[in-house]
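1. fold the following, please.
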Amino acid sequence: MKTIKVVAAIIRDNGRIFATQRGYGDQKDGWEFPGGKVEPGETSKQALVREIREELTADIEVEDLLMTVEHDYENFHLSMDCFGAHLKKGSNIRLLEHEAARWLGPDELDSVDWLPADIKVVEKIRSSDSERLI
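-> Numbering: from 1, shown residues only. Reported below is the predicted structural model:
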């Protein structure tokens, strides 16, 4: 099975996290943490900065690796490095590839239909160290 290496940003602000709704592909309409594929020669952090700029026109500060999700979809294996992040001062989000986006507080995490790999991140956020993640 083919492995696809991707990165995701857990963008935080004032006790909330940023979630996006996919606007294309097999997983269209599912909710996820924004990010994308790691290109040859890029580090995961470099890929994340590039992807957020391309998809959201925003600049982020990438923080520590929170977790790596390994998930088997029907046609491929996903390996997703998930990093904490925050918007750089003065940076604004504009959706270029997503249908919708929401800032979610801890009590709103179940209000969207997360993609299977992203559910594992949500479970981590809900865990005992969630105060550090949000």
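2. ranges for the strands of this structure?
-> Per DSSP state E, the chain carries strands over the ranges 3-13, 16-22, 31-32, 35-37, 60-72, 77-87, 98-104.
3. what's next to the first one, contact-wise?
-> Right, strand 3-13. 17-18, 32-38, 44-45, 47-48, 51-52, 60, 62, 66, 76-87, 103, 118, 121, 125, 133-134 (Cβ atoms under 8 Å, 6 or more residues apart in numbering). (C-beta placed from N, C-alpha, C; glycine too.)
4. check contacts around the residue nearest the centre of the chain.
-> Relative to the mean C-alpha position of the chain, the nearest C-alpha, by Cα atoms, centre = their mean, is the one of residue 33, at 2.3 Å. For residue 33, the contacting residues are 8-11, 17-20, 82, 118, 121, taking Cβ under 8 Å, 6+ apart as the criterion.
5. just to revisit the earlier point, let's have the strands of the chain in CSV, adding mean neighbour count, distance to residue 113 and mean pLDDT.
-> CSV is the format used below for the strands of the chain (neighbours: other Cβ atoms under 10 Å; distance: least, Cβ to Cβ, whole Å; pLDDT from 0 to 100):
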stretch, mean neighbour count, distance to residue 113, mean pLDDT
strand 3-13, 20, 17, 96
strand 16-22, 21, 9, 95
strand 31-32, 22, 6, 96
strand 35-37, 18, 18, 96
strand 60-72, 15, 16, 96
strand 77-87, 20, 18, 97
strand 98-104, 16, 11, 92
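6. with that, I have no additional questions.
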